[in-house]
Each structure stands twice: as C-alpha cells, then as structure tokens.
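Visitor: here's a sequence, model it:
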Amino acid sequence: MPRKRSEKAAQSRASIQSAVEAFKNGEFKSVWATAKAFNVSETTLRARINGRVTEVEDNESRQLLSNAEETMLAKRCTYLTKTGFPPRKTTIIEMATEIQQRRVRKINDEEGMELVRYPPIGKDWIRRFLNRHPELRVKRPRRIDASRVKEVTHENVIEWIRTVGEVMRDYKIKPENVYNMDETGFSIGSIQAAHVVIDDTIKAQFQAQPGRQEWVTVLECICGDGSAVAPLVIFKAENGSTSWAQSPKIPGNWRFSGSQNGWTSNRHGVAWLRQCFDPDTRDKADGNYRLLILDGHGSHVTGSFIMHCMDYRIALMRLPPHTSHVLQPLDVGLFGPLKTTLSTHQDTLFRLHVARIRKVEWLIAYVKARATAFRPDNIIGGWRKAGLIPLNAQRVLQELDLPKTPPPSEPEPQLLPISTPDNVKAFETSLIDSSPPDATELKRINTAFRRRLGLDTPLKTPERGYAFRLSVTTEKLRAQVSLLQHENTELKRLNAQRKEQTKGTRVALKDRLLLTAEELRETVHAMKQEEEEKEKRKAAKPRKPRKRKAHEMEDPTEDQVDSANNDIQP
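Guide: Below is the predicted model:
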C-alpha cells in the first residue's frame, strides 16, 4: 500500500508540472481550464504558476546531494542494473560520499590540509534517497527450504539433543572438547543473492557474474568454547601452487590441497582428520575424549575415518538426516554470515567488471570474511542456536515456526523540478532529452545564450529556463565525472595489486596430500636460494680458454714474411 500511495503522488506531481508548462506555452487561456484539462487542483496550479517552489526545491537545501547529483546517482543505479551489477546500499553510500568529497578535493589539496569536511553519511540517508526515486527498489531473491523443514520433527530434535547429552555425560566430555565439522563449497566468480538497489522500470533485472565458475571446497571445524580449527582449502588443481599462500594476509597454519574438480573426497576427509583436527585439538583434550559432530557425507563416514577416531579417543556423532539446517552449529550460525560477508568483499571486484577472479584474490577475500564471521561470539551463538551448548531442545523448536515479518513501509517519492521554457524554440528544447547533451548542439546554443547575455533587455522565460537547465546539467556532469573517476581509481588499485601478486610456481604434491601456507612460502624461499646458489657457482667457476678457429688466426705481417725469407736463404 505505501508504494501505491507513492506512485499516485508521483503521478499527481507530474500532472501539475505538465499543466504549468501547458499554461505558460499558451495552450489554455485560463488557469481554471488548464486545471480541468489535466485534472489537478486549481489552487495548487495557480500557486505554482505564481512562483511557489515545489516541495523538492524547498527540501534541496537540506539534502546531502543536490537534485542534479541525486539524479545522476540514480541513473548510475539504472546503468548498473542494466549491466547485471545492481549496487548494494553500501555501494550507493560509497558513491554518494565520493561525489561529496570531489566537490572540495581541490580546496583541501591546495594547502595540504582539510579545510572543508563533510560528516559521514548516516544510515537513514539511503532510505530518503530511495524515497525520492521511486523507480529504485530494494529486492532480494527468496530462498525456500520448505522441503527440508518438513523433515524436522519435534521427536527427532528432542531425541538428538538428549543423545548428545548422554554421550557427553558417559564419556565425560567438556564443552571445550566438543567440535562440529562440515565442508562448504564456493564457486569462484559467483556471489549469493543480496539486497541491491535496481531501477524497477527495467524489465531485465539480473545479477551478472564473471565468466569463471571454478569450484573450491573449504573444510571448517568449530569448538564449543568459541574457537575454530584452521581450515583446509581444496582448489581445483592437480598440483599445489605457491601463489595460494604468497600473501602475508593468509595465516601460515592454513592447509591447502587440490582435487580434479575442487570437491572433497574420502582421502581428503581422512587427511583432514589426521593432519588437521587431531594434532590441533589433542593437547587441549589432555588425554580426554573429544566429541566430533558431523553430517552423513560420504567422505566423513569411511572405515579409515572411524578407526582413527576409535584409536585416538574421538567420539563420533552423526546428525539425523535432513536436519543440518537447524541442528548443525556451522549451518545455523556461521556459514550464512560467512558467505554474506564474502560476497560483500567480492562485490568490489565484480562492479569493476573483472572477467576473471584469481584464486589468491578469492582466498584473500575469504580470509577477511572468515575473520568477521568466525568470531567467538558468533561460534558460541551457533552452538546455542543448535540447542547443544547449553543443551536446550526448546531453543531449536521455537525456531521451527517463525512469525511472518511485516513488509517495511515505503516512503512517498518526490519528483525533480522541470524547467518551464516559453516561446523561443532554440532554448525550449535544449538540455531536456539528451543525456549527456550533444556537443555540437550545446556549443551552438551556448554561443547564442552568451550573445543574449550581452544585451541589456531582461531574459525571457525560455532563456531563464535554459539557464536553469544549464546549471543543473553542469551538476549532473560533475557528479558523473566523480563516479567515473572513482571507478577508474578502483581499477588502478586492482591493477597495482595484481602486479604485486607474482605468478606462483607449481609444487608437486606426490605423497603429501595437504600443504600449509607456511610450507608453500618455505618452498618459494628455498627455490630463490637455490637460484642464487646456482648463479654464485656459475660466476665462481673459471672459464676455459677458447680455442681459435683457423679463420680466426692472425695473418703474418710483411716484415715477418721478409724476415722468414732471409732466414732460409743460403
């Protein structure tokens, strides 16, 4: 309903503006006849004709951006919608901030100090901006997991949590020795659906993705005390690469591996258990039992996996089928925020129309997203929401039937003022439909306008209207230049960052299925040292004298020939 009222108000304002133009162009003899023809209020129309400013004009002085700047920003959202990269709210705020800062960039830079400073844009500004541009809407594709929810029953939930409690009591397992492990997959060059701002008048509303869709799997494990085990990242590769860990932002204890398709396998599951989970959690357990909760994935329930758990005092518990979305701590508390945050970090690259996302770029974004999502409070919240630490089945059951959230109210839109030219054809039609304006037409009309300014007679209505539109167009173009300069700066930053990332060297895995980031860096260091030693040996090795060829022998001089002839004479 609020959106319908907004659209009705927008239509009313447009009708009044059209009526004002029709009356000033002489199409009607009286205000009453004009109001009746356009079905608008005669009082409102008369006030507008007599010079009363519109609500939008009155509020412009209190806005962070002018109407022209906001119009250009809204057009930028329309362009991004058409190209398949609709912006998020944070992106629009970033662009608005860039427009603000470029107003005073020369003022602040001239003296090397900040003479003019704008306060940060608040959270409510984006709501007001969307209010003023009703063609822009916030949308998010719906994700329905109803089929999985139907598999969850009260009896299954209560029985599962009761069984977990019995195992912890029988084996005397403390919360700091309870773990949940699961793998999650990502498609490099793809992000999940999110709230974005689009132009609702465009029918083709898509979220474009870069062309490369390479799969990567990450094995994650969290503990009941809020900590996490270093992850195992499985790329699509037959050999390891030093480029994966060349960035210092990647922790040295992270493990890496490769597979033919980027998926996990039985070998990876056992290798993770033996080389990641067991050594990282053994000292903290101090000889006591550890509880490892996981789903029924095939790579988790193999004979080698189970036997290792039995040999090293690890109690295994498998989640009931089709219940991981409500009973697994990683699913209910961590993976959702992780993928949302990862999409936010990757969104900057996608908006630059990068055709290929590198593995190291994705990995750096994952490191940042994991640091945000895998905070101790989030991990503890996941255990609590799954009803396991502390044991509380009601905590899960109350989430099964969530009340419907009422849709957010949508404010009324406002329209931008339109100039009202009169009789001069040259000034009536210029700077109205062309965006950006045609250069030849703009030069011709500006020449005529400058000549008109040289006369002493007052400006007519079409000429004043052209002056107003000219000032608005100038603001629009300046805002457009600001946005393009910002995009160019981001592209330069990305190119500089890619130049710093050297091409990696392949490392044969052989019998070693997993490699840590520190081991990959040590491999690079060892290769460099080997190259330096080879150069030193090459420089220190004495050179053998080069044998001259026959044609390189020096010819004897004439004196030498005469001397030889004299020696052989009798």
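Visitor: for Ala373, see how far away the most centrally placed residue in the chain is.
Guide: Nearest to the mean C-alpha position of the chain, by CA atoms, centre = their mean, lies Asp347 at 1.7 Å. Distance of Asp347 to Ala373, given as CB to CB, to the nearest Å: 16 Å. Placement of C-beta: from N, CA and C, glycine included.
Visitor: same check on Cys221?
Guide: 14 Å.
Visitor: in stretch 377-396, what counts as buried?
Guide: Under the neighbour-count criterion of 16 or more other CB atoms under 10 Å, stretch 377-396 has 378-389, 393, 395-396 buried.
Visitor: ok, now stretch 71-90?
Guide: 71-78, 80-82, 85-89.
Visitor: what do you get for stretch 468-478?
Guide: Phe468, Arg469, Leu470, Val472, Thr473, Glu475, Lys476, Arg478.
Visitor: return the subset of those lying in helices.
Guide: Phe468, Arg469, Leu470, Val472, Thr473, Glu475, Lys476, Arg478 (DSSP state H).
Visitor: can I get those residues in TSV including distance to Tyr179 and pLDDT?
Guide: Output for these, formatted as TSV (distance: CB to CB, whole Å; pLDDT from 0 to 100):
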residue	distance to Tyr179	pLDDT
Phe468	68	72
Arg469	67	74
Leu470	68	75
Val472	62	73
Thr473	63	76
Glu475	58	75
Lys476	57	77
Arg478	57	75
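Visitor: could you dump these to TSV with distance to Gly240?
Guide: Formatted as TSV, these follow (distance: CB to CB, whole Å):
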residue	distance to Gly240
Phe468	65
Arg469	62
Leu470	62
Val472	58
Thr473	57
Glu475	54
Lys476	52
Arg478	50
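Visitor: of the residues you listed, closest to His525?
Guide: Closest approach to His525 among these (CB to CB): Arg478, at 50.7 Å.
Visitor: can you list the low-confidence ranges for the stretch 351-500 of the chain?
Guide: 351, 353-355, 400-443, 454-457, 460-461, 500 (pLDDT under 70).
Visitor: all helices of it, in order?
Guide: Remark: helices assigned in the stretch 351-500 of the chain by DSSP state H, counting those that start in this stretch are 359-373, 376-385, 393-397, 425-428, 439-453, 461-500.
Visitor: do the stretch 201-350 of the chain as well
Guide: Here the stretch 201-350 of the chain has its helices, by DSSP H, counting those that start in this stretch, at 266-272, 278-285, 303-311, 324-327, 329, 335-351.
Visitor: got the CA positions of the last one in PDB?
Guide: As requested, the backbone C-alpha atoms of helix 335-351 are provided in PDB (Å, rounded to 0.1, in the frame of the first residue of the first chain):
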ATOM      1  CA  PHE A 335      28.100 -20.400   7.100                       C
ATOM      2  CA  GLY A 336      25.400 -17.800   6.400                       C
ATOM      3  CA  PRO A 337      27.300 -14.800   7.700                       C
ATOM      4  CA  LEU A 338      30.500 -16.200   6.100                       C
ATOM      5  CA  LYS A 339      29.000 -16.300   2.600                       C
ATOM      6  CA  THR A 340      27.300 -12.900   3.000                       C
ATOM      7  CA  THR A 341      30.400 -11.200   4.100                       C
ATOM      8  CA  LEU A 342      32.500 -13.000   1.400                       C
ATOM      9  CA  SER A 343      30.000 -11.700  -1.200                       C
ATOM     10  CA  THR A 344      30.400  -8.200   0.100                       C
ATOM     11  CA  HIS A 345      34.200  -8.400  -0.200                       C
ATOM     12  CA  GLN A 346      34.000  -9.700  -3.700                       C
ATOM     13  CA  ASP A 347      31.400  -7.200  -4.800                       C
ATOM     14  CA  THR A 348      34.000  -4.500  -5.300                       C
ATOM     15  CA  LEU A 349      35.800  -6.700  -7.900                       C
ATOM     16  CA  PHE A 350      32.600  -7.600  -9.700                       C
ATOM     17  CA  ARG A 351      31.500  -3.900 -10.000                       C
END
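Visitor: that one - contacts with which helices or strands?
Guide: Judged by 3 or more CB pairs under 8 Å, 6 or more residues apart in numbering; DSSP states H and E, the packing partners of helix 335-351 are helix 89-103, strand 178-188, helix 359-373, helix 461-500.
Visitor: wait, isn't the residue nearest to the centre of the chain in contact with Thr91?
Guide: Yes: if you go by CB atoms under 8 Å, Asp347 and Thr91 touch, sitting 7.0 Å apart.
Visitor: which phi and psi does Ile198 have?
Guide: Reported as degrees, to the nearest 10, the phi and psi values for Ile198 are phi -130, psi 160.
Visitor: ok, it touching Lys139?
Guide: Yes: with contact defined as CB under 8 Å, Ile198 reaches Lys139; the gap is 6.4 Å.
Visitor: those two - which one has more neighbours?
Guide: Ile198 (21 against 14; other CB atoms under 10 Å).
Visitor: tell me the bridge partners for the more buried one.
Guide: Beta-bridge pairing of Ile198 under DSSP bridges involves Arg137.
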